[in-house]
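Participant: sequence below, structure please.
(4 chains)
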Number of protein chains: 4
Amino acid sequence: MGFAESMLLAYPGPLPHVDRIALTECIEACMESAQIATACAEACLSEPDLPELAECIRASLDCSDVAGTTAKVLSRHPGYDANLRRALLAACRAASALCAEQCERFAEAHRHCRVCAEACRRTEAACERLLDV
Amino acid sequence: MGFAESMLLAYPGPLPHVDRIALTECIEACMESAQIATACAEACLSEPDLPELAECIRASLDCSDVAGTTAKVLSRHPGYDANLRRALLAACRAASALCAEQCERFAEAHRHCRVCAEACRRTEAACERLLDV
Amino acid sequence: MGFAESMLLAYPGPLPHVDRIALTECIEACMESAQIATACAEACLSEPDLPELAECIRASLDCSDVAGTTAKVLSRHPGYDANLRRALLAACRAASALCAEQCERFAEAHRHCRVCAEACRRTEAACERLLDV
Amino acid sequence: MGFAESMLLAYPGPLPHVDRIALTECIEACMESAQIATACAEACLSEPDLPELAECIRASLDCSDVAGTTAKVLSRHPGYDANLRRALLAACRAASALCAEQCERFAEAHRHCRVCAEACRRTEAACERLLDV
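Facilitator: Numbering: from 1, shown residues only, chains lettered A, B, ... in the order given. Modelled structure (predicted):
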């Protein structure tokens, strides 16, 4: 059991109508993307082909910030405000997709981009799933 | 001239088709909301009517996180990806409106809620303006 | 293998003189604490004994912010500047210890405080270990 | 009167033994550095001499994260825990100084680096002042 699930099970109040598995998967995917995208931007800054990686770094930094905030808001009130949650999930899906697209272009050349692209695709899918609920 | 405007004017590349005044006002409003909502949540934790303020604290914490991230993404690449930017502005507008609604309920009783509500309404309007562009 | 370790192994440049296991454990512990402390503050806001939990909530919010930033800085440049890294690890150790102390007071009453206290003690120890290197 | 000062004056409880002017100046300086350093890293990514700016970008990203978290913790409980506050102020002073040093190297070439270096020196001094109190 992941850490986000432990905390969800320890929640005192009644949980809103939410798919707990989809919620915890999304929180954990967002946390992973936030860390991995920060590390990928850093690794890109050390690559000899840095000038071609500028867009990839931008997309990674955005993804890291948006995914980290999404994890926090999702951790806060499971289901509280539909407008905020849906708009933020849409933003996180977009930021993850953009980062994945950039990193996929360099997945052959750079292993960190491959790992980052995979993490971002998981986060994109996890946001999509919560948006479909 | 505010600090966000100084940096926008120092930007090396061509700026995308963006209303610079609306953009800098939005970045600065988001930064203010991020700080004020953090301080308001803290002040609420010190109030004797804390039990009634739980929703207000939640809304403030969400607003602080979302507004802080929105300021970062808007600072990063003015106009880069329309999907991400629009979804994030919608999330920030929703988070600011929720925080303002909560704080307006306590604006008579608590000066920090009054100041926070005003800041959040400015941020809500600034996001709205950028979304209309 | 955790996600922080995958990224560290994919790093292009020479890594500084750093204990990789201690580093990845610290990054992952910080990420966990950041999420769990956010969730614990939220859960505390839903408890009937909320008025007694104000200090616990404050400590959780500080811990979440400081641990999240520490994870980012540690992810960025393994070993880059000793002054910054050591001061930030000391801050994260202090924030984790404070959060653990508060949560331990409520560990019997609230399962979320018990889980959070354990996570924060792990983070405190992981920061300690990196500081000793 | 700046926004951080408004909130400090609206604080309900007794404030700890703290120099209010130094505190509000530090919070506002940290917020400015957080935004400016994010914008400077972005501008650096658009410069033709990007390969030489990698260290400058790293320092800016660290500074932005550490200054943003310092502003939050300082906004939260004015004076609450001396260990945490002092370690975090030391980390923010170090991160600001590193970012200023990097940006000063490019201050002639890039106006955004000049603006960022000035903001970081203000934040460094503001942290120093609070540490001296």
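Participant: what about residue A:5, how many neighbours?
Facilitator: 16 (other CB atoms under 10 Å in any protein chain shown). For every residue, glycine as well, the C-beta is placed using N, CA and C.
Participant: what helix or strand does it sit in?
Facilitator: Here residue A:5, judged by DSSP states H and E, is contained in helix A:3-9.
Participant: that helix packs against which elements?
Facilitator: On a contact count with 3 or more CB pairs under 8 Å, 6 or more residues apart in numbering or on different chains; DSSP states H and E, helix A:3-9 meets helix A:20-45, helix C:20-45, helix C:111-132.
Participant: quick check: residues of chain A near chain C?
Facilitator: A:3-4, A:6-13, A:27, A:31-32, A:34-36, A:38-40, A:42-43, A:46-47, A:64, A:68, A:71-72, A:75-77, A:110-112, A:114-116, A:119 (CB under 8 Å from any CB of the partner chain).
Participant: which of those count as buried?
Facilitator: Neighbour counting with 16 or more other CB atoms under 10 Å in any protein chain shown marks A:3-4, A:6-8, A:10-11, A:27, A:31-32, A:34-36, A:38-40, A:42-43, A:47, A:64, A:68, A:71-72, A:75-77, A:110-112, A:114-116, A:119 as buried within these.
Participant: could you check how far residue A:82 is from chain D?
Facilitator: Distance of residue A:82 to chain D, computed by CB to the nearest CB, to the nearest Å: 27 Å.
Participant: state the mean pLDDT of stretch A:81-94.
Facilitator: The average pLDDT for stretch A:81-94 rounds to 94.
Participant: now do the buried residues in that stretch.
Facilitator: So, applying 16+ other CB under 10 Å, buried residues of stretch A:81-94: A:81, A:84-94.
Participant: inside helices: which ones of these?
Facilitator: A:84-94 (DSSP state H).
Participant: show the model's pLDDT score for the closest residue to residue A:111 other than its chain neighbours.
Facilitator: Excluding the flanking residues, the one nearest residue A:111 by CB to CB, 6 or more residues apart in numbering or on different chains is residue C:10, at 4.1 Å. Residue C:10 is assigned a pLDDT of 86 by the prediction.
Participant: also residue A:16?
Facilitator: pLDDT recorded at residue A:16 is 66.
Participant: so residue A:127 touches residue A:92, yeah?
Facilitator: Yes: in terms of CB atoms under 8 Å, residue A:127 counts as a neighbour of residue A:92; the distance is 5.0 Å.
Participant: so what touches the helix holding residue A:5?
Facilitator: Contacts to helix A:3-9, defined as CB atoms under 8 Å, 6 or more residues apart in numbering or on different chains, come from residues A:15, A:20, A:23-24, A:27-28, A:31, A:75, A:78, C:32, C:35-36, C:39-40, C:43, C:111-112, C:115-116, C:119.
Participant: quick one: it to chain centroid distance?
Facilitator: How far helix A:3-9 lies from its chain's middle: 18 Å, per CA atoms, centre = their mean, to the nearest Å.
Participant: thinking again about what came up before, ok, which pair from the ones in helices among the buried residues of stretch A:81-94 is furthest apart?
Facilitator: A:84 and A:94 (15.8 Å; CB to CB).
Participant: let's verify the residue in chain A sticking out farthest from the centre: helix, strand, or coil?
Facilitator: Centroid-distance maximum for chain A: residue A:48 at 27.1 Å, with CA atoms, centre = their mean. Look at residue A:48: counting by DSSP: H, G, I helix; E, B strand; the rest coil, its state is coil.
Participant: ok, so what distance separates it from residue C:13?
Facilitator: 10 Å (CB to CB, to the nearest Å).
Participant: just residue A:26 next, same as before
Facilitator: Taking CB to CB, one finds residue A:26 at 33 Å from residue C:13.
Participant: which parts of chain A sit against chain D?
Facilitator: So chain A meets chain D at A:41-42, A:45-46, A:50-51, A:54, A:57-58, A:61 (CB under 8 Å from any CB).
Participant: who wins on neighbours among those residues?
Facilitator: residue A:41 (29 neighbours).
Participant: do you know how far the residue nearest the centre of chain A is from chain B?
Facilitator: In chain A, the centroid-proximal residue (CA atoms, centre = their mean) is residue A:30; its distance is 3.2 Å. From residue A:30 across to chain B, the span is 12 Å (CB to the nearest CB).
Participant: equivalent analysis for residue A:51, please.
Facilitator: Taking CB to the nearest CB, one finds residue A:51 at 14 Å from chain B.
Participant: chain center to stretch A:125-133, what's the gap?
Facilitator: 12 Å.
Participant: try stretch A:106-113
Facilitator: On CA atoms, centre = their mean, the centre of stretch A:106-113 falls 19 Å from that of its chain.
Participant: list the buried residues for stretch A:123-133?
Facilitator: A:123-124, A:126-130.
Participant: and which of these is nearest residue C:106?
Facilitator: residue A:130 (30.2 Å).
Participant: report the contact partners of residue A:66.
Facilitator: So residue A:66 contacts A:91-92, A:95-96, B:69, B:73, B:84, B:88 (CB under 8 Å, 6+ apart).
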